[in-house]
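J.: Let me see the structure of the following:
(one chain, ligands or ions: 1)
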Amino acid sequence: MAAFVPRATFPTLDSLPRSYFLGHHRAGLNRMKLMLSQIDLILECRDYRVPLTSRNPMFEESLGGKQRVIVYTKRDLGQQKTRADSQREQIIRIWHHPSPVLFSSDKSYGDVRTILRFAKKHAFSAESFTGSRMMVIGMPNVGKSTLLNALRREGVGKGKAAQTGAQPGITRSISSGVKIVEGNQHTEGVYLIDTPGVFVPYVPDAEAMLKLALCGSVKDTVIAPTTLADYLLFRINQVSPQLYEEYHQPTNEVMALLEAIAHKTGRLQKGGLPDTEASALWMIQRWRTGHLGNFVLDNVSENALDRKIAEEQQLSPSTAQAKKIMKEERKLRQALKNRRPR
Ligand SMILES: Nc1nc2c(ncn2[C@@H]2O[C@H](COP(=O)(O)OP(=O)(O)OP(=O)(O)O)[C@@H](O)[C@H]2O)c(=O)[nH]1
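T.: Model prediction:
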C-alpha cells in the first residue's frame, strides 16, 4: 500500500466570513475604555494554541498605555510537555520583553498560583490603601471567566463568580470586581473585573478565521462545521493521522472520516444515513477538549510577532473596506438572528 501523504496546503476559501464583531463587543470595548482610569493592571488573555492569531490589535489601540501582563490560556490544549514547548514559550517571552508573560491551564494549580503571586506582588508594591483593581480582557472564549474563577478559588477559597461555557459570548457585560487576593492592614486586596470577549472587526486572512473558529472564538453557526472539520483534519494530518485511527485509516477526505465517525458514534439520520454535520461538530469539540491531539496552530518564531504587527499596519482598512466590514457585520448579525444553534 502506498504511504499516506498529508495535504501540504489547505485551499484558500474566499467566501469564508471574515467578521464576528458584534454589538456587545463594540459596547464592551467602549466601556472598558471609560473604566481604564480606575484600573491598575490589565490581564490580557490570548489562546496558547494561536498566540499570534488571538492577539486583538484593538486592545493596543484602545487600552494602550496601561500596564499589562499577557496570559496565554489553555496551555494544556497546546503543549505536549516537550522541549519544543519550553522553546516556544521562551520565544513568546522574548516577543513581549520586558513585559511579563504568563502561561495558564485551568487544570494546573501551579499556573494559577503563579498568576496569583504576580497579581499580589503587583498590588502590594503599589501600597494602595483601597487595594488594586485588575481587568481581564481578550478575544471571545479565550478563557477569561475560567481564569477569574480559578484565581478566586485559589486566592480566597471561594466558588465560581462568573459563568463560563463552551461557546463564545457567555460574558456579555463588564462585571463588578471579584476579590481574588485578601487584603492586609495596609491594603484592601485585589479585585478582578471580568469583561466580554472582543473579536477583531475584520480578519483579512481566511486561515486565521479558520483557526479562531476552531479554537471557539466564533460561534459554531458562522462557519460550516464540515469546512472547519476539514481544516482540523488537515492540521491533524500534519501532526499524526494516528490521532483518529479508531475511526478511520489516514485520509485527506473529510467526508470519509465524518461518515466513519457518524457510524461509530451513532450520529445517524433517519434511514441510517450518517449525519456528517453533527459528526463534524463532535470532532471539533473533541479537539477543543484535548481528545484529538494537543498542538499549536500558529508558527512561532522569533520575528513572527513583529511580522504580524507589520502586516496588520499595512492591512489597516481603508474607508471603503471599513464600509464593507460594517456591511458584513450587519449581515452576520442578521444570520445569527435567523439561525438557531443545533
Ligand atoms: N482545557 C482548557 N479549557 C479551558 C481553559 N480555560 C477555559 N477553558 C474552557 O474554554 C471555554 C471558554 O471559557 P470561558 O472562561 O467561558 O471563556 P471567556 O473568555 O470568558 O468567554 P466569553 O464569554 O466569550 O468572553 C470553557 O468551555 C472553559 O471550560 C483551560 O485552561 N484549559
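J.: moving C-terminal of whichever strand or helix holds residue 179, what's the next helix or strand?
T.: Assessed by DSSP states H and E, residue 179 sits inside strand 178-182. Later in the chain than strand 178-182, the nearest helix or strand by DSSP H and E is strand 189-194.
J.: Give me the helices and strands touching that following strand, please.
T.: Applying 3 or more Cβ pairs under 8 Å, 6 or more residues apart in numbering; DSSP states H and E, one finds that strand 189-194 contacts helix 109-126, strand 132-138, helix 144-156, strand 178-182. Glycine gets a C-beta too; all of them are placed from N, C-alpha and C.
J.: Let me see the residues that make contact with that strand.
T.: With Cβ atoms under 8 Å, 6 or more residues apart in numbering as the test, strand 189-194 has contacts from 35, 39, 43, 119-120, 123, 131-136, 144-145, 148, 151-152, 155, 162, 171, 174-183.
J.: Using PDB, list the CA coordinates for the strand holding residue 179.
T.: What follows is strand 178-182, C-alpha atoms only, in PDB (Å, rounded to 0.1, in the frame of the first residue of the first chain):
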ATOM      1  CA  VAL A 178     -14.400  40.000  42.300                       C
ATOM      2  CA  LYS A 179     -11.900  39.600  45.200                       C
ATOM      3  CA  ILE A 180      -9.000  37.300  44.300                       C
ATOM      4  CA  VAL A 181      -6.500  38.300  47.000                       C
ATOM      5  CA  GLU A 182      -7.300  39.100  50.600                       C
END
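J.: Now tell me what touches it from outside.
T.: For strand 178-182, contacts defined as Cβ under 8 Å, 6+ apart pick out 116, 119-120, 123, 134, 148, 151-152, 155-156, 158, 161-162, 189-194.
J.: Now a PyMOL select for only the buried ones of the residues you listed.
T.: Selection of the buried residues among these in PyMOL, burial being defined by 16 or more other Cβ atoms under 10 Å:
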select buried, resi 116+119+120+123+134+148+151+152+155+161+162+189+190+191+192+193+194
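J.: Now residue 246: closest residue in space that isn't a chain neighbour?
T.: Distances taken as Cβ to Cβ, 6 or more residues apart in numbering put residue 264 closest to residue 246, at 7.5 Å, once the chain neighbours are dropped.
J.: Just the element for that neighbour, please.
T.: Assigned by DSSP H and E, residue 264 falls within helix 254-265.
J.: buried sites along whatever helix or strand comes next after that helix?
T.: Where DSSP H and E defines the elements, the next helix or strand beyond helix 254-265 is helix 276-288. For helix 276-288, the neighbour count (16+ other Cβ under 10 Å) marks 276, 277, 278, 279, 280, 281, 282, 283, 284, 286, 287, 288 as buried.
J.: Could you list the low-confidence segments of the stretch 51-200 of the chain?
T.: 127-129 (pLDDT under 70).
J.: Give me the neighbour count for the residue lying closest to residue 262 once chain neighbours are set aside.
T.: Once flanking residues are discounted, residue 262 sits nearest to residue 274: 3.3 Å by Cβ to Cβ, 6+ apart. Neighbourhood size, residue 274 [other Cβ atoms under 10 Å]: 19.
J.: contacting residues around residue 116?
T.: For residue 116, the contacting residues are 151, 154, 155, 180, 181, by Cβ under 8 Å, 6+ apart.
J.: just to revisit the earlier point, any idea how far the helix holding residue 264 is from the chain center?
T.: Taking Cα atoms, centre = their mean, to the nearest Å, one finds the center of helix 254-265 at 27 Å from the center of the full chain.
J.: got a list of contacts for it?
T.: The contact list for helix 254-265, computed with Cβ under 8 Å, 6+ apart, reads 226, 229-230, 233, 244, 246-248, 251, 267-268, 274-276, 278-280, 282-283.
J.: rerun at 7 Å
T.: Defining contact as Cβ atoms under 7 Å, 6 or more residues apart in numbering, one finds that helix 254-265 is touched by 226, 229-230, 233, 244, 247-248, 251, 267-268, 274-276, 279-280, 282-283.
J.: How much space separates residue 76 from residue 104?
T.: Remark: distance between residue 76 and residue 104 (Cβ to Cβ, to the nearest Å) = 9 Å.
J.: So for those two, which sits in the more crowded spot?
T.: In this view residue 76 and residue 104 are compared by other Cβ under 10 Å, and residue 104 has more residues nearby, 25 against 16.
J.: For that one, which non-adjacent residue is closest in space?
T.: With Cβ to Cβ, 6+ apart, the residue lying closest to residue 104 is residue 111, at 4.3 Å.
J.: Can you pull up the residues of the stretch 1-150 of the chain that come close to the ligand?
T.: By the rule Cβ under 6 Å from any ligand atom, the part of the stretch 1-150 of the chain lying against the ligand is 73-74, 76-77, 105-106, 138, 140-146.
J.: repeat that for 5 Å
T.: Within the stretch 1-150 of the chain, the residues that sit near the ligand (Cβ under 5 Å from any ligand atom) are 74, 76, 77, 105, 106, 140, 141, 142, 143, 144, 145, 146.
J.: What about the last one, how many residues nearby?
T.: Other residues lying near residue 146 total 20 when counted by other Cβ under 10 Å.
J.: Nearest to the spatial middle of this protein, which residue is it?
T.: Centroid-nearest residue in the chain, with Cα atoms, centre = their mean: residue 142, separated by 3.4 Å.
J.: so what's it up against?
T.: Contact analysis of residue 142 by Cβ under 7 Å, 6+ apart lists 45, 46, 47, 54, 73, 197.
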